[in-house]
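J.: Compute the structure for the input listed below.
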Amino acid sequence: MCSRGAAAARAIATLTCLLLTAGACAVPEGSGNATGDEGLVLAEAYEDESLHPLLGHGQEGASKIFDGLYDYGADRRPHPALASAPARESADGRSWTVPLRRGVVFHDGSPFSADDVVATYRALADPRYASTVSSKYEMVESVRALDDHTVRFDLAYRYTPFPHKLTLGIVPAETLAEPEPLENSPLGSHPIGTGPYELTEWRKGDRMVLTANDRYWGGAPKVRTITAVFAGDDNTRAQRLRAGEFDGASLPPALADTMRDLAGYRVVHHRTADYRTITMPSDNPVTGDHAVRTALNHAVDRRGMIEAILAGHGVPADTPIPPALEELHEPRATFAFDRVKARRILDDAGWRVGDDGVRTRGGTRAAFTLMYPADDSVRKLFAQAFASDAKAVGIDVTLEGLGWEAIDPRMDRDAVVLGGGNPFEPDLVAYPLLHSSYGGDGYNNPGYYANSDVDAALEESRRADTDADRAAAFRRMQRAFHGDPGFVFLAFLDHSYVLREGWKGYRPVVEPHTHGLTWGPWWNVRTWERQR
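T.: Residues are numbered from 1 along each chain as shown. As a prediction, the model looks like this:
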């Protein structure tokens, strides 16, 4: 699923330097190229609309500005951050108690306490705050402070992976004193967290500057500043990187590989759980048809797409559970690339090929619209490849490149190239994407997919007593989806980066979908040091 923070972050920077004169552009202040040990200048393709955690910023940990109770390590498991130890589960699994770290202060110097945790999580459940991530915490019945350094979460039902819900950034209680929509909160543009960096400048559409928090509970970062320069165009980022303006940038995989000759830099590719999928809206007479959905899953050449679009940097996707989650991934729930089979499925369902090569049934033409974000070059290529593969079996797909504000209201009836996924806990992705109760909840199940066997398996996975039982439930869910696909999953993309040499501390990780400064090579930048 594509989070609202990520989906809304599409503002393209106004660039004052043309590609042909990129070498003449001034190196941004704070660059490792200009100030040695002081900081990093990173080119970012996406710009957040808001930095408020309750509006989607840093949901999956690794925020530079906010800490959650827990965050993720390279092992993809939750580790204590503002918590001082692992959460303790009650015997019935209906409550979790979290001890809190002492001596932590927010960026404004105010002390962190249990009241801040309680206020943050209570605001999720209060519709007056209009949090965009509230639906993901529907299992939380109440939260209360047992003392200044202990909180207890009581759940509406047993939810085994609950610690994975505790990476949400904690905000000062006083910023939530007035129950009003968070889009009006100054915290969105002037954040106050406990994280390793503070926001010191944000010129929207241009750049954001973060400065090291010397009072950080984990120790003052050696990387003193991080400057994120917003440059939405892929080729622009590549050209300015070649000119030495940036210490790092994300690039599409094929473009990143062209930078291997750049002296003083290295190219890295990270495995991810970041899928690209085509939604199949249930209310559309074509995409809602079981035969069409199944045939399209066999018609698409996933490996061909990965080679052509990603230069081989990715793996095929058939369900939202990535191969990186080995024990939970069901290898039998795959769709062989077989256009003969796809055509036979359509023939058997009564979809007949017309004179123009497009199928019809009962007066309905096998045609639908596929939307993609116009500023995303990779999704555009996936959309074009999908349309070509669909045409080969007699289905006509019309492409529309749009802004998210135009895409959002049409997702219940028109298909869209959707992205999402994380490698930490499959419930965080699979449940809201596939469970019928989330139908039409923004980017959660936008096409109203519903299958009772999928629902039952997802619900069982949440309440399973053992890891083995959970794994069995997830594999059963994938098999049920395979028999009744509501999406056409295409690939899990590698994320590709170009980094300036000279720092130690870089550690590759399996990444989530999340864009921006949270993950990427700099997920653990607070621990980096200059190489001597």
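J.: residues touching H290, list them.
T.: Contact analysis of H290 by Cβ atoms under 8 Å, 6 or more residues apart in numbering lists A349, D484. Placement of C-beta: from N, CA and C, glycine included.
J.: Please disregard the earlier target; I meant N524.
T.: N524 sits next to A62, A74, G505, R507 when contact means Cβ under 8 Å, 6+ apart.
J.: Drop anything exposed from those residues.
T.: A62, G505 (16 or more other Cβ atoms under 10 Å).
J.: Go through the contacts of N524 and say which is closest to A173.
T.: Within the contacts of N524, the smallest distance to A173 is 23.6 Å, found for A62 (Cβ to Cβ).
J.: quick one: that closest one from T175, how far?
T.: Distance from A62 to T175, counting by Cβ to Cβ, to the nearest Å: 22 Å.
J.: try W528
T.: 30 Å.
J.: circling back: which ones among the contacts of N524 map onto helices?
T.: For the contacts of N524, not one is inside helices, with DSSP state H as the criterion.
J.: so which of the contacts of N524 comes closest to T514?
T.: Distances from T514 to the contacts of N524, taken by Cβ to Cβ, are shortest for A62, at 7.9 Å.
J.: Is it possible to get a markdown table of the contacts of N524 that adds pLDDT and distance to G363?
T.: Below are the contacts of N524 laid out as a markdown table (pLDDT from 0 to 100; distance: Cβ to Cβ, whole Å):
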| residue | pLDDT | distance to G363 |
| --- | --- | --- |
| A62 | 88 | 52 |
| A74 | 91 | 56 |
| G505 | 94 | 63 |
| R507 | 93 | 58 |
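J.: Looking at the contacts of N524, which two lie furthest apart in space?
T.: Among these, A62 and G505 lie farthest apart (Cβ to Cβ), at 14.1 Å.
J.: can you list the domains in the protein?
T.: Domain ranges of the chain: 4-47+204-270+496-530, 53-187, 275-493, per automatic domain parsing.
J.: what would these look like in JSON lines with distance to E198?
T.: Below are the domains of the chain laid out as JSON lines (distance: least, Cβ to Cβ, whole Å):
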{"stretch": "domain 4-47+204-270+496-530", "distance to E198": "5"}
{"stretch": "domain 53-187", "distance to E198": "5"}
{"stretch": "domain 275-493", "distance to E198": "27"}
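J.: so where do the strands sit in the stretch 51-200 of the chain?
T.: 70-72, 78-80, 88-89, 95-99, 140-147, 150-155, 197-203 (DSSP state E, counting those that start in this stretch).
J.: looking at the ones you listed, which is buried most?
T.: Mean neighbours per residue, mean count of other Cβ atoms under 10 Å, is largest over these for strand 70-72, with a mean of 23.
J.: what pLDDT, on average, does that one get?
T.: Strand 70-72 comes out with an average pLDDT of 95.
J.: and that strand, what does it pack onto?
T.: The contact analysis (3 or more Cβ pairs under 8 Å, 6 or more residues apart in numbering; DSSP states H and E) places strand 70-72 against strand 78-80.
J.: partners of the strand it packs on, with directions?
T.: strand 70-72 (antiparallel) (DSSP bridges).
J.: quick one: contacts of the strand it pairs with?
T.: With Cβ under 8 Å, 6+ apart, strand 70-72 has contacts from 60-62, 78-81, 83, 87, 163, 166-167, 424.
J.: Shouldn't E326 be within a strand?
T.: No: read with DSSP: H, G, I helix; E, B strand; the rest coil, E326 is coil and lies in no strand.
J.: State the helix or strand in which V397 lies.
T.: Assigned by DSSP states H and E, V397 falls within strand 396-402.
J.: And the next helix or strand past that strand?
T.: Downstream of strand 396-402 (by DSSP H and E), the next one is helix 404-407.
J.: helices and strands around that next one, which ones?
T.: Secondary elements touching helix 404-407 (3+ Cβ pairs under 8 Å, 6+ apart): strand 367-373.
J.: could you check the angle strand 396-402 makes with the strand it packs on?
T.: 30 degrees (axes from the mean of the first three to the mean of the last three Cα atoms, to 10 degrees).
J.: now strand 367-373: how far from the chain's centre is it?
T.: 21 Å (Cα atoms, centre = their mean, to the nearest Å).
J.: Give the other helices and strands that it contacts.
T.: Helices and strands touching strand 367-373, by 3+ Cβ pairs under 8 Å, 6+ apart, are helix 377-391, strand 396-402, helix 404-407, strand 415-420.
J.: one more time with 10 Å, if that's ok
T.: With contacts defined as 3 or more Cβ pairs under 10 Å, 6 or more residues apart in numbering; DSSP states H and E, strand 367-373 has these neighbours: strand 275-279, helix 377-391, strand 396-402, helix 404-407, strand 415-420.
J.: Dump these to TSV, plus distance to L433, mean pLDDT and mean neighbour count.
T.: Shown next, in TSV, are the helices and strands packed on strand 367-373 (distance: least, Cβ to Cβ, whole Å; pLDDT from 0 to 100; neighbours: other Cβ atoms under 10 Å):
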stretch	distance to L433	mean pLDDT	mean neighbour count
strand 275-279	9	98	27
helix 377-391	17	97	20
strand 396-402	21	98	16
helix 404-407	17	96	16
strand 415-420	7	97	26
